[in-house]
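Asks: predicted model follows, preceded by the sequence.
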Amino acid sequence: MTDPVTISALIGLGKAAIEKIFPDPTARAEATLKLEKLAQEGKLAELNAEVSLLTAQIDVNKIEAASDSLFKSGWRPAVGWTCVCGLFYTFLARPLLIWILLLNNVDAVPPALDMGDLITLLGGLLGLSSMRTLEKFRGVASK
């Protein structure tokens, strides 16, 4: 994929060249419009490629989910339940366990889980990565 900064720089160079090549304001406006259309088509082609890739992944996911093999159809639920257990432990079980240990004068703290990794895993599992595509299309996301 092409970096949005690179595209902007190329468009700027193209506009500068158009101003030098076309002294007539009407011809200059037409050439600038063609350049803008090409830039827009490039962005739309890039977005279309990303959507096609996501659609292909959805098709693969459907085939895997329909499989009779536990290794093909069971990995996604296993990852989902791992995330559920991690979230349950982090937000409910661990705080309650710490409270119970403090009430019983036990000087121990249960280990914490890395929520960054857990949320990344859960986001990928739920398909939230498609939001990144939308952010990139709107020009909000960084590389």
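Replies: On my side now, so go ahead. The structure displayed is predicted, hence computed values, not measured ones. Residues are numbered from 1 along each chain as shown.
Asks: helix or strand right after the longest helix anywhere in the chain?
Replies: Ranked by residue count under DSSP state H, the longest helix found in the chain is helix 25-66. With elements assigned by DSSP states H and E, the helix or strand that comes after helix 25-66 is helix 70-73.
Asks: could you list the buried residues of the very next helix or strand once past that following helix?
Replies: Next helix or strand after helix 70-73 toward the C-terminus (DSSP H and E): helix 75-88. Neighbour counts over helix 75-88 (16 or more other CB atoms under 10 Å) mark 83, 86-87 as buried. The C-beta positions use only the backbone N, C-alpha and C, and glycine is treated the same way.
Asks: now stretch 100-120
Replies: residue 118.
Asks: list every C-alpha atom in that stretch, with coordinates, as CSV.
Replies: Output of stretch 100-120 as CSV, limited to C-alpha atoms (Å, rounded to 0.1, in the frame of the first residue of the first chain):
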residue,chain,number,x,y,z
ILE,A,100,-10.5,-12.0,50.3
LEU,A,101,-6.7,-12.3,50.9
LEU,A,102,-6.6,-8.9,52.6
LEU,A,103,-9.5,-9.8,54.9
ASN,A,104,-7.6,-13.0,55.9
ASN,A,105,-4.4,-11.1,56.5
VAL,A,106,-2.6,-13.0,53.8
ASP,A,107,0.3,-11.1,52.3
ALA,A,108,0.1,-12.3,48.7
VAL,A,109,-1.1,-10.7,45.5
PRO,A,110,-2.4,-12.8,42.6
PRO,A,111,-0.6,-12.2,39.3
ALA,A,112,-2.0,-9.7,36.8
LEU,A,113,-2.6,-10.5,33.2
ASP,A,114,-1.3,-8.3,30.3
MET,A,115,-4.6,-6.8,29.2
GLY,A,116,-3.0,-5.2,26.1
ASP,A,117,-2.2,-8.6,24.6
LEU,A,118,-5.6,-10.0,25.7
ILE,A,119,-7.6,-7.1,24.1
THR,A,120,-5.5,-7.3,20.9
